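# can you look at this prediction? I've put the sequence above it.
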Amino acid sequence: MKNSFVFLLSVLFVFGCTKQSFIGEEYLGAKYLKSPLGEEKAPDTDPLIRFDAFDCTTFVETSLAQGDINKLNKIRYKDGNIDFMNRNHFIETDWLNNNQDLFENVSDLYGKTATRTVINNKQNWLLKKYNLKTNLKPQRAEIKYIPYENINKIETKEPLIVLFIYKNPNIYDKIGSDIAVIHMGFLLPNGQLRHASRRHGRVMDTNFDKYIRQIAKNEHNIGITLVKIK
């Protein structure tokens, strides 16, 4: 009887891990589309939710929300208040800060970390991208990350959100603001990175170790942040 109970627990544990590792599986193969979501009205008339196309952020958000629009809105907007100006536009100062009840930076558990300081100039970015005039002040954030040279084999029993950290002084001239997070996806327990790839034009799985070795060749790609889903 005891052995049967232990076996049942083992089956449930394996099933649970397997189920978790398939986060976002239903969207594999969906096309990549830059900034596919909006508020259905100006200045961003894209829909609040869709399942046929994603960029890297909306793929992560929709997967976390399990396709539920109410859950998705709570992730994408501060306090779930649907408004363009209330959207979590910047990962560093908006998305992570306003979703502290959902996410936790656990990079320290997987390697020696460094700190990237970023100053998001939302006022300048909004003017450059949307021609919107505001009086918003720049926001400063510090984000812990693991430099690529400090990364060994990363093993996880649960899916983690992986943020790819970037540092390029020329980005300000391009988009109107500094940013630290250039890409995001899920690191799965099977060692795969599940993400919406702009390069390949679709949501896909790729070997995580191979992927980071490749992008680390670019001097502006400096490391990764690992985020636990609470």
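Noted; the coordinates are in hand.
# in this protein, what helix or strand scores lowest on average pLDDT?
When each helix and strand of the chain is scored by mean pLDDT, DSSP states H and E, helix 2-21 comes last, with a mean of 40.
# following that one, which helix or strand shows up next?
Later in the chain than helix 2-21, the nearest helix or strand by DSSP states H and E is strand 31-32.
# what distance separates the following helix or strand past that next one from the centre of its chain?
Using DSSP H and E, the helix or strand that follows strand 31-32 in sequence is strand 53-54. Its chain's C-alpha centre and that of strand 53-54 lie 14 Å apart, by C-alpha atoms, centre = their mean, to the nearest Å.
# show me what strand 53-54 is packed up against.
In terms of contacts (3 or more C-beta pairs under 8 Å, 6 or more residues apart in numbering; DSSP states H and E), strand 53-54 is packed against strand 31-32. Where C-beta positions appear, they are placed from N, C-alpha and C, glycine not excepted.
# could you give me the average pLDDT of the strand it packs on?
On average, the pLDDT along strand 31-32 is 98.
# strands of this structure, start to end?
31-32, 53-54, 103-105, 114-120, 139-147, 160-166, 181-187, 192-197, 202-207, 221-229 (DSSP state E).
# among the ones you listed, which comes closest to residue 63?
strand 181-187 (7.1 Å; C-beta to C-beta).
# so residue 130 touches residue 43, yeah?
Yes - using C-beta atoms under 8 Å, residue 130 is in contact with residue 43, at 4.9 Å.
# name the residues contacting each of those two.
When C-beta atoms under 8 Å, 6 or more residues apart in numbering defines a contact, no residue borders residue 130 and residue 43 alike.
# what's stretch 82-99 in contact with?
With C-beta under 8 Å, 6+ apart as the test, stretch 82-99 has contacts from 38-39, 43-44, 48, 57, 73, 75-79, 103, 105, 118, 120, 122, 125, 134, 139-141, 143, 163, 177, 179-181, 184, 227.
# pLDDT below threshold where in the chain?
The model of the chain has pLDDT under 70 over residues 1-21.
# just want the most central residue of it.
The centroid of the chain falls nearest to residue 184 when counting by C-alpha atoms, centre = their mean (3.8 Å).
# identify the bridge partners of that residue.
Using DSSP bridges, the beta-bridge partners of residue 184 come out as residue 163.
# that one and residue 43: what is the separation?
As for residue 184, its distance to residue 43 is 24 Å (criterion: C-beta to C-beta, to the nearest Å).
# for residue 129, see how far away residue 83 is.
Distance of residue 83 to residue 129, given as C-beta to C-beta: 17 Å.
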